[in-house]
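S.K.: this one's structure only:
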């Protein structure tokens, strides 16, 4: 089941560059939340703070409170524990190139020391079915490398890999921006199906995509969260002039 | 961008011919360069076979050297000795080198210590091999008061470390960062990510680096002169002086005897073939079970 996320006064830096300014928002459980905004506005940094991947860059740092359920992820847990509860899908499909399809999906469990073959088999099958990839790959699970699949299949493989560790939150950083329209539609279908089980946060450059998949949408500009509201409201009746300018294509 | 100028068909024809001629010229230069590089290589191998093959017989691979004046004898003990020394060198040098490379690429990016280690490795790479022998002499032979296979192995291992470390670092740098982030994002600890994702992805290049380092030290004579020292008899004790192919070739080639000269040629041929065979074998085994990616 998904979990709600409450962010209070989150700030982030790369070296001396202040990339996120006092971001506060409430991401409801089992909903899809979209984050939009022009390039470099901080939306990717924001999601990378939600699984503490931001701090893997040696010059990066973050401050503030992120409550995932009742756990403050910056105080009560280690980054490794948090990342097991929060799955992430990246902009470009990034399967492990030397691993088979099976090993890619099982990697989160296997590389954390889990070895029971029967359960691994079940998890791999379930995750690939959840990611709508099972029928396309079930005959070459161990024969083919993850990198030998098409771009759209690779991205669904990455989704399956993220789901295999049974997270509560799924972060997607422009998951369809490198894909063709057919693959994009498949990913969007998936998002729709998966939200009953996970809290989904999706960063996107594509405003139609945000409108199609998300219940709530946040608009970022220059490191600040300008507006956060129901998607319908953001796109039809935004309260902030800057939001309106952006969604009507006047800048960005 | 401005559109292409409109030219007459004759001018267009002339330009096409000129481009085609340039293309042939550059291709020709590339082919010539390749030949210039390959000719010495093939010539050396060919000359070795011409001079050495006739002295190769079963005794060469089964017998130890015989005293001057007697015919026959072989380099069996030197082949075995070289294997022992190279085995020791690889056992010590490759793990150390890979460890240093991992540190440089995954933990010390942009740090002062990293820059220092990188610089030291590059300097070490340029140190003459005889100096490496002296280092091993001072470290081990002088302390133990006797020559040994171990000292030879250490001398060659020190020579392998910088090559292995720098190739490992460079190969790890080619692993795309998103692949690392994918692993970290799954809650896989950093050490495990380095071991099972970064190193595994970079392994073909790292293996090539190790093979290059191995092939380079396999033919080294100078570092063995006062470490392994050489031995006319069988020895498998790493604490005793041991024979090595390059040493044996060196001694035989400098001798005034024709019989020994012939054995030196044969030894050189065997050394070269052994290096080529071991490098090829490692490559075949390393490629086994590795799934090939699409792009």
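M.R.: Perfect, I can see it now. Predicted, not measured: the structure shown is a model, and the values here were computed from it.
S.K.: regarding the closest residue in space to residue A:190 that isn't next to it in sequence, what is its secondary structure?
M.R.: Leaving aside its sequence neighbours, residue A:190 sits nearest to residue A:132 (C-beta to C-beta, 6 or more residues apart in numbering or on different chains; 5.9 Å). No exception for glycine: its C-beta is placed from N, CA and C like everyone else's. Three-state call for residue A:132 (DSSP: H, G, I helix; E, B strand; the rest coil): coil.
S.K.: next, count neighbours for residue A:132.
M.R.: 17 (other C-beta atoms under 10 Å in any protein chain shown).
S.K.: and the residue located most distally from the centre of chain B, its phi and psi?
M.R.: Distance from the centre of chain B peaks at residue B:8, with 57.8 Å (C-alpha atoms, centre = their mean). For residue B:8, the backbone dihedrals (degrees, to the nearest 10) come out as phi -70, psi 160.
S.K.: contact partners for it?
M.R.: For residue B:8, the contact set (C-beta atoms under 8 Å, 6 or more residues apart in numbering or on different chains) is empty.
S.K.: thinking again about what came up before, the residue nearest to residue A:190 against residue A:189, yeah?
M.R.: Yes - judged on C-beta atoms under 8 Å, residue A:132 makes contact with residue A:189 at a distance of 7.2 Å.
S.K.: helix, strand or coil for the closest residue to residue A:176 other than its chain neighbours?
M.R.: Distance criterion C-beta to C-beta, 6+ apart; nearest residue to residue A:176, sequence neighbours excluded, is residue A:184 at 4.1 Å. Counting by three-state DSSP, the backbone at residue A:184 sits in helix.
S.K.: these two touch, right, residue A:184 and residue A:178?
M.R.: No - at 9.7 Å, residue A:184 does not count as touching residue A:178 under the criterion of C-beta under 8 Å.
S.K.: which phi and psi does residue A:21 have?
M.R.: phi -120, psi 110.
S.K.: repeat that for the one 4 residues further on.
M.R.: Recorded main-chain torsions at residue A:25 are phi -160, psi 170, according to degrees, to the nearest 10.
S.K.: what bridges to it?
M.R.: Beta-bridge pairing for residue A:25 (DSSP bridges): residue A:7.
S.K.: ok, the closest residue to chain A within the stretch 51-200 of chain B to residue A:100 distance?
M.R.: Closest contact between the stretch 51-200 of chain B and chain A, by C-beta to the nearest C-beta, is at residue B:187 (3.3 Å). Distance, residue B:187 to residue A:100, using C-beta to C-beta, to the nearest Å: 21 Å.
S.K.: quick one, what contacts residue A:87?
M.R.: Taking C-beta under 8 Å, 6+ apart, one finds A:162, A:163, A:165, A:167, A:169, A:170, A:171, A:198, B:185, B:186 in contact with residue A:87.
S.K.: just the element for the closest residue to it other than its chain neighbours, please.
M.R.: Nearest non-adjacent residue to residue A:87, counting by C-beta to C-beta, 6+ apart: residue A:162, 3.3 Å away. Using DSSP states H and E, residue A:162 maps to helix A:151-164.
S.K.: who does that helix touch, helix- and strand-wise?
M.R.: strand A:86-89, helix A:101-110, helix A:117-130, helix A:134-137, strand A:169-173, helix A:181-194, helix B:177-185 (3 or more C-beta pairs under 8 Å, 6 or more residues apart in numbering or on different chains; DSSP states H and E).
S.K.: got the angle for the last one vs helix A:151-164?
M.R.: Counting by axes from the mean of the first three to the mean of the last three C-alpha atoms, to 10 degrees, helix B:177-185 points 20 degrees away from the direction of helix A:151-164.
S.K.: helix B:177-185 near chain A anywhere?
M.R.: Yes - under the criterion of C-beta under 8 Å from any C-beta of the partner chain, chain A is reached by helix B:177-185 at B:178, B:179, B:181, B:182, B:183, B:184, B:185.
S.K.: can you pull the buried residues of that helix?
M.R.: Within helix B:177-185, the residues that qualify as buried are B:179, B:180, B:181, B:182, B:183, B:184, B:185, counting by 16 or more other C-beta atoms under 10 Å in any protein chain shown.
S.K.: which elements pack onto the lengthiest helix in chain B?
M.R.: If you go by DSSP state H, chain B has its longest helix at helix B:9-52. Packing partners of helix B:9-52 (3+ C-beta pairs under 8 Å, 6+ apart): helix B:258-287.
S.K.: what packs against the helix it packs on?
M.R.: helix B:9-52, helix B:58-62, helix B:76-102, helix B:199-218, helix B:245-254.
S.K.: and after the third one, which helix or strand comes next?
M.R.: Scanning forward in sequence from helix B:76-102 by DSSP H and E, the next helix or strand is helix B:112-125.
S.K.: and the helix or strand following that next one with helix B:199-218, angle?
M.R.: Sequence order places helix B:129-136 as the next helix or strand after helix B:112-125, per DSSP H and E. On the basis of the same axes, to 10 degrees, helix B:129-136 is oriented at 100 degrees to helix B:199-218.
S.K.: what sits up against helix B:129-136?
M.R.: The list of residues contacting helix B:129-136 from outside it, by C-beta under 8 Å, 6+ apart, reads B:151-152, B:154-156, B:158-159, B:220, B:222-227.
S.K.: dump those residues to a markdown table, plus pLDDT.
M.R.: Converted to a markdown table, those look like this (pLDDT from 0 to 100):
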| residue | pLDDT |
| --- | --- |
| B:151 | 94 |
| B:152 | 94 |
| B:154 | 95 |
| B:155 | 95 |
| B:156 | 95 |
| B:158 | 94 |
| B:159 | 94 |
| B:220 | 92 |
| B:222 | 92 |
| B:223 | 92 |
| B:224 | 93 |
| B:225 | 91 |
| B:226 | 88 |
| B:227 | 90 |
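S.K.: which of those residues fall within helices?
M.R.: B:151, B:152, B:154, B:155, B:156, B:158, B:159, B:222, B:223, B:224, B:225.
S.K.: count residues in the vicinity of the second one, would you?
M.R.: Number of residues near residue B:152 (other C-beta under 10 Å) recorded here: 35.
S.K.: for it, give me its contacts.
M.R.: So residue B:152 contacts B:85, B:88, B:89, B:136, B:223, B:224, B:227, B:228, B:229, B:242, B:244 (C-beta under 8 Å, 6+ apart).
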